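Asks: Could you look at this predicted model? Sequence included:
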2 protein chains.
Amino acid sequence: MEEDILYHFSLSTKTHNLPEMFGDTKFVCVGGSANRMKAFARFMHRQLNLPGLPEDIKDICEGTDRYCMYKVGPVLSISHGMGVPSISIMLHELIKLLYHAQCCDVVLFRLGTSGGVGLAPGTVVVTDKAVDYAFRPQFEQVVLGKVVTRSTELDEGVANELLKCSDELQTFPTVIGNTMCTDDFYEGQGRLDGALCSFSHEEKLEYLRKAYEAGVRNIEMESAVFAAMCRACGVKAAVVCVALLNRFEGDQVTSSHDVLVEYQQRPQVLVSHFIKKRLGLIP
Amino acid sequence: MEEDILYHFSLSTKTHNLPEMFGDTKFVCVGGSANRMKAFARFMHRQLNLPGLPEDIKDICEGTDRYCMYKVGPVLSISHGMGVPSISIMLHELIKLLYHAQCCDVVLFRLGTSGGVGLAPGTVVVTDKAVDYAFRPQFEQVVLGKVVTRSTELDEGVANELLKCSDELQTFPTVIGNTMCTDDFYEGQGRLDGALCSFSHEEKLEYLRKAYEAGVRNIEMESAVFAAMCRACGVKAAVVCVALLNRFEGDQVTSSHDVLVEYQQRPQVLVSHFIKKRLGLIP
């Protein structure tokens, strides 16, 4: 192609010098909320002792409101919205961006929030395998009207390294477990409080018990395509999500704003520790 | 429930007087982009000659960055992000909001952008049926690990009324056709320019030809669950999307920024005309 327009980033190979802008990227961290990924970029700026003010970091995708993107040293922080389709558009354009910028040995992290399955709120889950609604470690991708099944296994080495980081930090509980990825927040996750609900409290608990038995420790909405695309493209990747509630106890997110803010920082603190170790900033 | 927390709107039945805030709502317009739905709210403010400045309209969901929401007279304008999961969360919480606020006879519109199938760029498509990747008018919803199939037929009366509005306006072409809803922008829509692509240009064209023969006139990523949920909840609804390109001609969105901005206003102009007629502001 003469020109590649990364439409949802509002970037293009003709109008932007992608190797100059992104060539030194080593870590890409993505998460659903634009505000959270901006906060993470500022946090990493301070953690890496970079010159300039964290508040001055600019949104590289300011030409669009689909995603936001910040670069702090070798770290790229990008928002992806909610759900598999939204993150999949971002991943296609990110992987093309990294290719055009000639980046190599990049590690990709999804930092997210999730519903815990049998875990205390605030526990961080590093995903072993992303599984579907039937607890299978696979992602079904439609290609020209045909369903293609892709594996959703994540990098075991990165996951274990993250668990070791948590042991060193000793500030919050972290576990490795399977993450169930669903296409909605209510019926697909067995919530009783949606606009539509056709099942009982007991049926919900039975489904969650089956999930727990299959090794599921949290539920979110992006890990399957994230794992499948990273694997298909040969990119090492990890999913790190905090559990905001224990789904055996309820459906609504009732913790106070301050508690939720602190919980959401936990995956950031963990991945920041990983990055600083990899960069040799801490032993 | 004692309290219903509409988590992704940052609203709750305990902290907000929903009947007072939303009780007079008659039209709800939703679209992917937050900026576009803010622009639509300001546009409607001017169209309805409401008191105050359009620039002073406040985001009702300012406590979160998941969605934004504006109210102008009887019109609610809400962003829903990209893809079925993202709009489905919004619809669950919107339908609960309308219920708590005791709204009745509300008409729901999705105003969006799409890829045209055999249409000139700029053509507006009012959806007859939302169809899946195999051109079936159905949406597959997972409920507690089981797949439930729901109909995606939209309200015929509202669609015909919108077509009549376009005839009166005489400013851009509008057609009624089927809309294919996919879960990604690249492989699922037969684009050759994604990070992953396993098919040829000829195979892509063959798939698009089959879609055209099945009555598909545009492709987007939200209509199926929008149609299915509105139908299941008894809400009259329409999908109005402009085609930004003709997919037989290419995959990338290459039109200039100004042309794209004008195209994106077309569904807004059409639905505004519909609303003003329903309110008796124009004959």
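Replies: Looks like it came in fine. Numbers count the residues shown, from 1 in each chain, chains lettered A, B, ... in the order given.
Asks: what's near enough to touch the closest residue to chain B within the stretch 101-250 of chain A?
Replies: Ranked by Cβ to the nearest Cβ, the top residue of the stretch 101-250 of chain A for proximity to chain B is A:A195, at 3.8 Å. For the C-beta atoms, the positions are set from N, CA and C on the backbone; glycine is no exception. With contacts defined as Cβ atoms under 8 Å, 6 or more residues apart in numbering or on different chains, A:A195 is in contact with A:186, B:91-93, B:95-96, B:99, B:229, B:233.
Asks: Name the nearest residue to it, ignoring sequence neighbours.
Replies: Excluding the flanking residues, the one nearest A:A195 by Cβ to Cβ, 6 or more residues apart in numbering or on different chains is B:I95, at 3.8 Å.
Asks: hang on, isn't the one you found packed against B:G234?
Replies: No - the pair formed by B:I95 and B:G234 falls short of the contact definition of Cβ atoms under 8 Å, at 9.8 Å.
Asks: Show the secondary-structure elements that the helix or strand hosting the residue nearest to A:A195 is packed against.
Replies: Taking DSSP states H and E as the definition, B:I95 sits inside helix B:84-100. Contacts of helix B:84-100 with other secondary structure elements, assessed using 3 or more Cβ pairs under 8 Å, 6 or more residues apart in numbering or on different chains; DSSP states H and E, are made with helix A:84-100, strand B:5-6, helix B:18-22, strand B:27-31, helix B:223-232.
Asks: ok, back up a step: now list the buried members of the contacts of A:A195.
Replies: Buried by 16 or more other Cβ atoms under 10 Å in any protein chain shown: A:186, B:91-93, B:95-96, B:229, B:233, out of these.
Asks: Serialize these to JSON lines and add fields for pLDDT and distance to B:F274.
Replies: Putting these into JSON lines (pLDDT from 0 to 100; distance: Cβ to Cβ, whole Å) gives the following:
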{"residue": "A:Y186", "pLDDT": "97", "distance to B:F274": "30"}
{"residue": "B:L91", "pLDDT": "98", "distance to B:F274": "20"}
{"residue": "B:H92", "pLDDT": "98", "distance to B:F274": "25"}
{"residue": "B:E93", "pLDDT": "98", "distance to B:F274": "25"}
{"residue": "B:I95", "pLDDT": "98", "distance to B:F274": "21"}
{"residue": "B:K96", "pLDDT": "98", "distance to B:F274": "25"}
{"residue": "B:M229", "pLDDT": "98", "distance to B:F274": "21"}
{"residue": "B:C233", "pLDDT": "95", "distance to B:F274": "21"}
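Asks: So which of these is the closest to B:D132?
Replies: Here the nearest of these to B:D132, counting by Cβ to Cβ, is B:M229; it sits at 15.2 Å.
Asks: residue ranges for the helices of the stretch 101-250 of chain A, please.
Replies: Under the criterion DSSP state H, counting those that start in this stretch, helices of the stretch 101-250 of chain A are mapped to A:156-169, A:201-213, A:223-232.
Asks: Identify, out of these, the most deeply packed stretch.
Replies: With neighbours defined as mean count of other Cβ atoms under 10 Å in any protein chain shown, the helices of the stretch 101-250 of chain A peak in mean count at helix A:223-232, which reaches a mean of 25.
Asks: quick one, that one and helix A:84-100 angle?
Replies: Regarding helix A:223-232 and helix A:84-100, their directions subtend 20 degrees when assessed with axes from the mean of the first three to the mean of the last three Cα atoms, to 10 degrees.
Asks: Contacts for stretch A:82-94, please.
Replies: Contacts to stretch A:82-94, defined as Cβ under 8 Å, 6+ apart, come from residues A:6-9, A:28, A:30, A:32, A:66-67, A:78, A:80-81, A:110, A:181, A:183, A:221-222, A:224-226, A:229-230, B:66, B:81-86, B:88-89, B:182-186, B:194-196, B:221.
Asks: State the distance from A:E3 to B:S256.
Replies: From A:E3 over to B:S256 the distance is 14 Å, taken as Cβ to Cβ, to the nearest Å.
Asks: Over to A:H80?
Replies: Distance of A:H80 to B:S256, given as Cβ to Cβ: 27 Å.
Asks: And for the residue nearest to the spatial centre of chain A, nearest residue in space, chain neighbours not counted?
Replies: To find the centre residue of chain A, average its C-alpha atoms and take the closest one (Cα atoms, centre = their mean): that gives A:R110, at 2.0 Å. Leaving aside its chain neighbours, A:R110 sits nearest to A:V239 (4.7 Å; criterion: Cβ to Cβ, 6+ apart).
Asks: Just send the helices and strands packed on helix B:84-100 back as a markdown table, with distance to B:P51 too.
Replies: Below are those laid out as a markdown table (distance: least, Cβ to Cβ, whole Å):
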| stretch | distance to B:P51 |
| --- | --- |
| helix A:84-100 | 37 |
| strand B:5-6 | 28 |
| helix B:18-22 | 18 |
| strand B:27-31 | 19 |
| helix B:223-232 | 32 |
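Asks: what's the pLDDT at A:A130?
Replies: At A:A130, the predicted lDDT confidence score is 98.
Asks: Which one's more surrounded, A:H80 and B:S256?
Replies: A side-by-side neighbour count of A:H80 and B:S256, using other Cβ atoms under 10 Å in any protein chain shown, places A:H80 first with 27 against 8.
Asks: Would you confirm that that one contacts A:G31?
Replies: Yes - counting by Cβ under 8 Å, a contact exists between A:H80 and A:G31, whose distance comes to 7.0 Å.
Asks: Need the residues touching each of those two.
Replies: With contacts defined as Cβ under 8 Å, 6+ apart, the residues adjacent to both A:H80 and A:G31 are A:R110.
Asks: List the contacts of A:V235.
Replies: Shown here is A:V235, whose contacts under the criterion Cβ under 8 Å, 6+ apart are A:95, A:98, A:106-108.
Asks: which of those residues count as buried?
Replies: A:95, A:98, A:106-108.
Asks: Let's verify the closest residue to A:S33 other than its chain neighbours: helix, strand, or coil?
Replies: Computed as Cβ to Cβ, 6+ apart, the closest residue to A:S33 that is not its neighbour in sequence is B:D65, at 5.5 Å. When classified by DSSP: H, G, I helix; E, B strand; the rest coil, B:D65 comes out as coil.
Asks: Residues of the stretch 101-250 of chain A that sit close to chain B?
Replies: Of all the residues in the stretch 101-250 of chain A, those in contact range of chain B (Cβ under 8 Å from any Cβ of the partner chain) are A:133-134, A:141-145, A:182-188, A:190, A:193-196, A:198-199, A:203-204, A:207, A:210, A:221, A:225, A:229, A:232-233.
Asks: Cross those residues against strands and list the overlap.
Replies: The strands in this structure, assigned by DSSP state E, contain A:141-143 from these.
Asks: List the contacts of the longest helix along chain A.
Replies: Criterion DSSP state H: the longest helix present in chain A is helix A:257-278. Counting by Cβ under 8 Å, 6+ apart, the neighbours of helix A:257-278 from elsewhere in the structure are A:26-27, A:29, A:31, A:36, A:39-40, A:43-44, A:47-48, A:75, A:107, A:109, A:111-113, A:121-122, A:124, A:161-162, A:165-166, A:168-169, A:171-172, A:174, A:240-242, A:244, A:253, A:255, A:282-283.
Asks: How about stretch A:5-14?
Replies: By Cβ under 8 Å, 6+ apart, stretch A:5-14 touches A:2-4, A:18, A:60-64, A:66-67, A:69, A:89-90, A:93, A:96-97, A:100, B:185, B:252-254.
Asks: Quick one: end-to-end distance for it.
Replies: With Cα to Cα, to the nearest Å as the measure, the ends of stretch A:5-14 fall 8 Å from one another.
Asks: cool, and stretch A:218-225?
Replies: Looking at stretch A:218-225, the gap from its leading to its trailing residue is 16 Å under the measure Cα to Cα.
Asks: Could I get the average pLDDT for it?
Replies: Stretch A:218-225 comes out at a mean pLDDT of 98.
Asks: how much distance is there from it to the middle of the chain?
Replies: In terms of Cα atoms, centre = their mean, to the nearest Å, the gap separating the centre of stretch A:218-225 from the centre of its chain is 8 Å.
Asks: One more: stretch A:129-140?
Replies: 16 Å.
Asks: buried residues in that stretch?
Replies: Of the residues in stretch A:129-140, those buried (16+ other Cβ under 10 Å) are A:129-133, A:135, A:137-139.
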